[in-house]
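Enquirer: Could you work out the structure for the sequence below:
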Amino acid sequence: METFEYSLSSIENEINFDEKLKEKWDNFMENGNFRYRVDNLKRRTLKGRYQYLAEMQQNRAENRRPPQHMTDVVQKFDESKFNFTKICAAKELIFSLNNKDRESGLLDKIIINVSPINLYHSLLVPQADLKLPQVLTEHSLNVALEVMFLSTDKNIRLCFNSLCAYASVNHLHWHIIYLQQNLYIQNATLEITEIKNLYLLNPEVYPAPCFVFTINQQENIPSMARKVFQVIEYFLDNNIAHNVYICRGQDPENLENYDCIRIFVWARESVVGAKRSDSFVIAVLELAGQILVFKPEMYETIEEDEISQAQQRTVLPVFKRVKDEVIQLLATNSEK
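Expert: Purely as a prediction, here's the structure:
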């Protein structure tokens, strides 16, 4: 089993992370280990303020593993259902991650997504052998941020769907996406709050308002993971579905810097049941502005208003309901 070892103290020297991931991914694709290819994906940027990116994903809709039925934001891990311990490592495991500064002997794994959205779409499975349900942990936030700093590719994104927010498998995982197109939210204007590194993406700026955290230095990963996890715990305690999207973008405190890591955290309406392959759904990528469209006729005709209204319906009522409590929670904890 190949292991990618790293240390936070020398993370800036780990310049071969993306190279190793992409090389292994390409080999698996050439060996036919995926359900379909994504070389000639149809995509177009929609007209309008938000410059949504529509992608034709008919293959994914028709050929992916049927999504599992979700009824609650916290559900027990079910050994009898598909999980990532059941993959064929020889055909799907890219490598394990080992942070040499961390004492735990449990490895985090990066595997291919056999039903990929685009080139190099992979999955980060934190502490895979613990068989954790799809519920964010502080450790998983740490590892996701570590991957962002390991990567030297500005196009990398880490994406999380909670249960009842279009997660398809109840086994803790993040999606690793490489997307060359810049999305509106990466440079969107954020409202500065009194809490350090917490900002708001407001409904006047974008139809899917949310909480945004920023980080620029890897030594701040543990404290940032702890801060974001406080919000996640609040969502879990109150059975609030959520999506998280991590990417590089503009630093709201230094507009000249476009290499700041932004962490978008959306509270949202719950979706009970299995994920449907309708024309499109509002999961984490769609909230970020990458719209996966499953039907050719919809791909040709979809417009900005339809997406922005769906985003708004999904998150605006919940954001308004929890905004003050989340800010108060973080303010109280930052004073301790």
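
Enquirer: and E297, how many neighbours?
Expert: Burial measure for E297: 9 neighbouring residues, criterion other CB atoms under 10 Å. In this view, the C-beta of every residue, glycine as well, is placed from N, C-alpha and C.

Enquirer: avg pLDDT for the helix or strand encompassing it?
Expert: Secondary structure assignment for E297, by DSSP states H and E: helix 296-301. If you average the pLDDT over helix 296-301, you get 93.

Enquirer: again, but for stretch 230-237
Expert: Here stretch 230-237 scores 98 as its mean pLDDT.

Enquirer: gap between the helix or strand that the helix holding E297 is followed by and the chain center?
Expert: Counting by DSSP H and E, the next helix or strand C-terminal to helix 296-301 is helix 304-335. Relative to its chain's centre, helix 304-335 lies at 17 Å (CA atoms, centre = their mean, to the nearest Å).

Enquirer: if we can go back for a sec, can you name the residues in contact with the helix holding E297?
Expert: The contact list for helix 296-301 (CB atoms under 8 Å, 6 or more residues apart in numbering) reads K42, R44, A54, M56, Q58, S279, F280, V293.

Enquirer: please redo it, this time with the cut-off set to 10 Å
Expert: Residues outside helix 296-301 that contact it (CB atoms under 10 Å, 6 or more residues apart in numbering): 42-44, 54-58, 278-280, 291-293, 295, 306.

Enquirer: okay, that helix in CSV with CA atoms only?
Expert: In CSV, the C-alpha atoms belonging to helix 296-301 read as follows (Å, rounded to 0.1, in the frame of the first residue of the first chain):
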residue,chain,number,x,y,z
PRO,A,296,-29.5,16.9,-22.2
GLU,A,297,-32.6,19.0,-22.8
MET,A,298,-32.1,20.8,-19.5
TYR,A,299,-28.4,21.4,-20.2
GLU,A,300,-29.3,23.2,-23.4
THR,A,301,-32.0,25.5,-21.8
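
Enquirer: re earlier: of the contacts of helix 296-301, buried ones?
Expert: Using 16 or more other CB atoms under 10 Å as the burial test, the contacts of helix 296-301 include R43, A54, E55, M56, Q57, S279, F280, I291, L292, V293, K295, E306 as buried.

Enquirer: which regions of the chain sit below the pLDDT cut-off?
Expert: For the chain, the stretches flagged by pLDDT under 70 are 11-15, 65-66, 104-105, 273-278, 335-336.

Enquirer: all strands of the stretch 151-300 of the chain, in order?
Expert: For the stretch 151-300 of the chain, the strands defined by DSSP state E, counting those that start in this stretch occupy 156-161, 174-178, 191-192, 198-201, 210-215, 241-249, 260-268, 290-293.

Enquirer: got the CA coordinates for the fourth one in PDB?
Expert: The C-alpha atoms that make up strand 198-201 are tabulated as PDB, following Å, rounded to 0.1, in the frame of the first residue of the first chain:
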ATOM      1  CA  LEU A 198     -15.200  34.600  10.100                       C
ATOM      2  CA  TYR A 199     -17.000  36.300   7.300                       C
ATOM      3  CA  LEU A 200     -20.500  36.200   5.800                       C
ATOM      4  CA  LEU A 201     -21.500  35.600   2.200                       C
END
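
Enquirer: I'd like to know which elements it is packed against.
Expert: strand 191-192, strand 210-215, helix 221-237, strand 260-268, helix 304-335 (3 or more CB pairs under 10 Å, 6 or more residues apart in numbering; DSSP states H and E).

Enquirer: All set now, cheers.
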